[in-house]
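Participant: My questions concern the predicted model and sequence given below.
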Amino acid sequence: MNTLLSYQLISRDIATSIKRVEAQPLVSRETEYYRENIGNIKSIEEFVEDTRLFNYAMKAHGLSDMAYAKAFMVKALEGGIDDPDSFANSLTDKRYKEFVKTFNFARDGEATTSFYSPTTGTIDKYLRQTLEEDAGENNEGVRLALYFERKASGIKNFYEVLADPALGKVVRTALGFPESLAQADIDKQVEMFKDRIDIEDFQDPEKVDEFLQRFATLWEINNPSYTQNTSIAALFSQPAEFGISTDMLLTIAQMRK
């Protein structure tokens, strides 16, 4: 199937698509373990010591590549997000603040894992993340479209788009811009985007759907399904919104001393 058809088959009935993912044996086992045990966690230490629970939560927030850096994550969790100068708030990558907001032991203590976000909310995120990753194994354009669909309503300006390699690639492709544009001056890119699309359109599901149909069509032209390289890891492992920056790696190394 081509990119557009594959994307539409998944996105037009997300609930059914997610149920298929949830029924996968490995996903089912890990989800059941998380559901049965997360409520028993009463501290940051217990959380990171249970590798299955911790890894599940990290994947749910798109942080699988950082699951090994437990000391780093403990520092983020201990600082919380209430203090504007906390460690999590100082990181440019928004995933860490969102993770700490979900597992806010610094504020809620033992009651943390009794709320919706760390329990059902995290399970929902895990299943959606798995759905997108599975789609990417067959067609990276479909994963990009699903990811953009999920993130669109939270996009406030084009600088946020450019801070996220995956979002940037979707917008450039949909607008017919070459990938070489990614190397141009950021302000220039923003102006070019503004000339072609209203950022407010991303708040309208119908307009997002139209935008992603255009993206999928142009993606297929440039990346025919039968010749696609299905490796999308590079897009989802870049500094800023995704992956580990050099500064962060240095911070982790220093924490190990």
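Facilitator: Yep, it's here.
Participant: quick one: Y34 from V190, how far?
Facilitator: Look at Y34 and V190: by C-beta to C-beta, to the nearest Å, they are 40 Å apart. In this view, the C-beta of every residue, glycine as well, is placed from N, C-alpha and C.
Participant: Neighbour count: these two, which is higher?
Facilitator: A direct count of neighbours by other C-beta atoms under 10 Å for Y34 and V190 places Y34 higher, at 22 against 16.
Participant: Name the nearest residue to that one, sequence neighbours excluded.
Facilitator: With C-beta to C-beta, 6 or more residues apart in numbering as the criterion, Y34 has its nearest non-adjacent residue at 4.6 Å, and that residue is Y56.
Participant: So F54 sits against A67, correct?
Facilitator: Yes. The criterion here is C-beta atoms under 8 Å, and F54 meets it with A67 at 6.8 Å.
Participant: pLDDT (mean, whole number) over stretch 67-75?
Facilitator: The average pLDDT within stretch 67-75 is 96.
Participant: Next one: the residue nearest to Y33 when sequence neighbours are not counted, what pLDDT does it get?
Facilitator: Take Y33 and drop its neighbours on the chain: the residue closest to it by C-beta to C-beta, 6+ apart is R52, 5.6 Å away. In this model, R52 is scored at 97, pLDDT.
Participant: for the helix or strand containing R52, which positions count as buried?
Facilitator: For R52, the element it lies in under DSSP states H and E is helix 51-60. By neighbour count on 16 or more other C-beta atoms under 10 Å, the buried set for helix 51-60 is L53, F54, N55, Y56, A57, M58, K59, A60.
Participant: Can you list the helices and strands that it packs against?
Facilitator: helix 25-37, helix 44-49, helix 94-102, helix 122-138 (3 or more C-beta pairs under 8 Å, 6 or more residues apart in numbering; DSSP states H and E).
Participant: mind listing what's buried in the helix or strand following it?
Facilitator: Using DSSP H and E, the helix or strand that follows helix 51-60 in sequence is helix 70-79. Using 16+ other C-beta under 10 Å as the burial criterion, the residues of helix 70-79 that qualify are K70, F72, M73, V74, K75, A76, L77, G79.
Participant: For whichever helix or strand comes after helix 70-79, list every residue counted as buried.
Facilitator: Using DSSP H and E, the next helix or strand after helix 70-79 towards the C-terminus is helix 87-90. By neighbour count with 16+ other C-beta under 10 Å, helix 87-90 contains the buried residues F87, A88, N89.
Participant: Rounded mean pLDDT for helix 87-90, please.
Facilitator: pLDDT averaged over helix 87-90 gives 96.
Participant: quick revisit: output the helices and strands packed on helix 51-60 in CSV, with mean pLDDT and distance to S6 appended to each entry.
Facilitator: What follows is the helices and strands packed on helix 51-60, written out as CSV (pLDDT from 0 to 100; distance: least, C-beta to C-beta, whole Å):
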stretch, mean pLDDT, distance to S6
helix 25-37, 98, 20
helix 44-49, 98, 37
helix 94-102, 95, 26
helix 122-138, 96, 7
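Participant: Indicate which one of those helices is closest to E200.
Facilitator: Nearest to E200, of all these, is helix 94-102, at 20.7 Å by C-beta to C-beta.
Participant: Quick one: neighbours of T120, just the number.
Facilitator: Residues lying near T120 (other C-beta under 10 Å) number 12.
Participant: To clarify, my last question referred to D83.
Facilitator: Neighbour number of D83 under other C-beta under 10 Å is 12.
Participant: any idea how far it lies from R95?
Facilitator: Distance from D83 to R95, counting by C-beta to C-beta: 19 Å.
Participant: Same question for A15.
Facilitator: A15 is 25 Å from R95, where distance means C-beta to C-beta.
Participant: who's more crowded, those two?
Facilitator: R95 (17 against 6).
Participant: how close does the residue nearest the centre of the chain sit to L91?
Facilitator: Centroid-nearest residue in the chain: G62, 4.5 Å away (criterion: C-alpha atoms, centre = their mean). Per C-beta to C-beta, G62 is found 14 Å from L91.
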